[in-house]
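Chemist: When you get a sec, could you give me coordinates for this:
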Amino acid sequence: MTLKDPEQTIGELIDRQSVSLIGSVDEDGFPNTKAMLPPRKREGIKNFWFTTNTSSMRVAQYRADPRACIYFFDKKFFRGVMLKGRMEVLEDAGSKEMIWREGDTMYYQRGVTDPDYCVLKFTAKSGRYYANFGSSNFEIA
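Modeler: Okay, the predicted model is just below:
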C-alpha cells in the first residue's frame, strides 16, 4: 500500500482525533503507552507539541531515553498511524507560551510559569500507516 500524499492523509487523520497515544521506554527497557489530549500544535507530520506535568513519570522516562512513538487512530474507519522518533522535554518560556491555552490553569494552577508545566516536543523520523487491510512504512525528512 502506497500513500499518494502521506502528509495530507495522515495530517487529516490526526486532526480529527480527540485522543493521542504516546509511547516511551522505561528504566527496564519496556515500552510504556499513555493516552493524552491531542497535540497542541503540529508542523506537518514531523513535529508535534504536547503539554504535560514536569513531575510526571513520562517526563522522567523521556529525559533518560528520548526514543518515543505517537499513535493516532480513527476507530470509525479502523485506520491509524504510528510515528517513531524522539521526544524532547522543553521548559523554556517561549515553548511554554507557544502552546498555552486559556483554561490550562485547571492543570497548572500557577499559570504558564508553573514549574510543573512543560512541553513535550516529538520529532518523527519514520512511520507506519494502516488502512483498508494494508500497512505502509514511510520515512519522514
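Chemist: and the residue lying closest to Tyr71 once chain neighbours are set aside, what helix or strand is that in?
Modeler: Computed as C-beta to C-beta, 6 or more residues apart in numbering, the closest residue to Tyr71 that is not its neighbour in sequence is Leu21, at 4.2 Å. Any C-beta I mention is one placed from the backbone N, CA and C, and that applies to glycine too. In the assignment (DSSP states H and E), Leu21 maps to strand 20-25.
Chemist: can you give me the angle the helix or strand following that strand makes with strand 20-25?
Modeler: Later in the chain than strand 20-25, the nearest helix or strand by DSSP H and E is strand 31-36. Strand 31-36 runs at 150 degrees relative to strand 20-25, counting by axes from the mean of the first three to the mean of the last three C-alpha atoms, to 10 degrees.
Chemist: where does the closest residue in space to Ala64 that isn't next to it in sequence land on pLDDT?
Modeler: Excluding the flanking residues, the one nearest Ala64 by C-beta to C-beta, 6+ apart is Glu27, at 6.7 Å. We have a pLDDT of 96 for Glu27.
Chemist: Starting from Lys84, give me the distance back to Glu27.
Modeler: Glu27 sits 20 Å away from Lys84, taking C-beta to C-beta, to the nearest Å as the criterion.
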